[in-house]
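Novice: Pasting the sequence and the predicted coordinates here, then a few questions.
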Amino acid sequence: MYGLILSLQFAASLILAMVAGSTFGIWRGYNPTTYSAATFVEMHQGAVGGLNVLLPGMALAAMLCTIALAWLAYGRGPAFQLYAGALVFMVAAGIVTRFLNQPINAIVMTWTVETLPANWAQIRDTWWTWHLVRTGTSVLAMAFLLAAVIVNKPVLK
């Protein structure tokens, strides 16, 4: 059991760190409101092409590991509660991504600089707002998961 818990903790932490780090990096290094229309379309389409399936898949893997950890920590007070909190924030980030960011991604993938709709900046700003929400929830998920890992020290037998 000790090895299983450590393996799940490692996997969940590593995978979620990559997801949260990616959203944080996009927040700090890619503010689309400062780009021209042409740069926005090119950058956004490139990012969507590389991350639109990868990051949600990784987030799902982190969720599954965290569900297993919460199940194994059930009845252990703070450890279970922290795993559950991490999971709540992971699910919130997933919902924002799937139902708010990804539909906009699909729209932007159809654009060219010549075919930008008149309200393209409003669509971009809506995407950015929801990205900030998922960044916050992803970072909170990471914080809760790390706290759970610290609290949930497996017992050697």
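Specialist: Noted; the coordinates are in hand. Numbers count the residues shown, from 1 in each chain.
Novice: Gln45 touches Met109, doesn't it?
Specialist: Yes. In this structure, Gln45 is within contact of Met109 by Cβ atoms under 8 Å, at 5.9 Å. C-beta coordinates here come from the backbone N, C-alpha and C atoms, glycine included.
Novice: can you list the weak-confidence ranges in this structure?
Specialist: 154-157 (pLDDT under 70).
Novice: So which other helices or strands are in contact with the lengthiest helix in the chain?
Specialist: Criterion DSSP state H: the longest helix present in the chain is helix 120-151. Packing partners of helix 120-151 (3 or more Cβ pairs under 8 Å, 6 or more residues apart in numbering; DSSP states H and E): helix 2-29, helix 37-51, helix 54-72, helix 78-96, helix 102-108.
Novice: Any idea which of those helices gets closest to Leu116?
Specialist: Closest to Leu116 of the helices and strands packed on helix 120-151 is helix 37-51 (Cβ to Cβ; 5.6 Å).
Novice: and the angle for the closest one with helix 2-29?
Specialist: 170 degrees (axes from the mean of the first three to the mean of the last three Cα atoms, to 10 degrees).
Novice: follow-up on the earlier one: quick check on Gln45 and Met109: which one has the bigger neighbour count.
Specialist: More crowded of Gln45 and Met109, by other Cβ atoms under 10 Å: Gln45, with 16 against 13.
Novice: and the more buried one, what does it touch?
Specialist: Neighbouring residues of Gln45 by Cβ atoms under 8 Å, 6 or more residues apart in numbering: 108-109, 111.
Novice: which ones are touching the residue nearest to Trp128 when sequence neighbours are not counted?
Specialist: Nearest residue to Trp128 in three dimensions, chain neighbours excluded: Pro32, at 5.8 Å (Cβ to Cβ, 6 or more residues apart in numbering). Listed by Cβ under 8 Å, 6+ apart, the contact partners of Pro32 are 40, 43-44, 124, 127-128.
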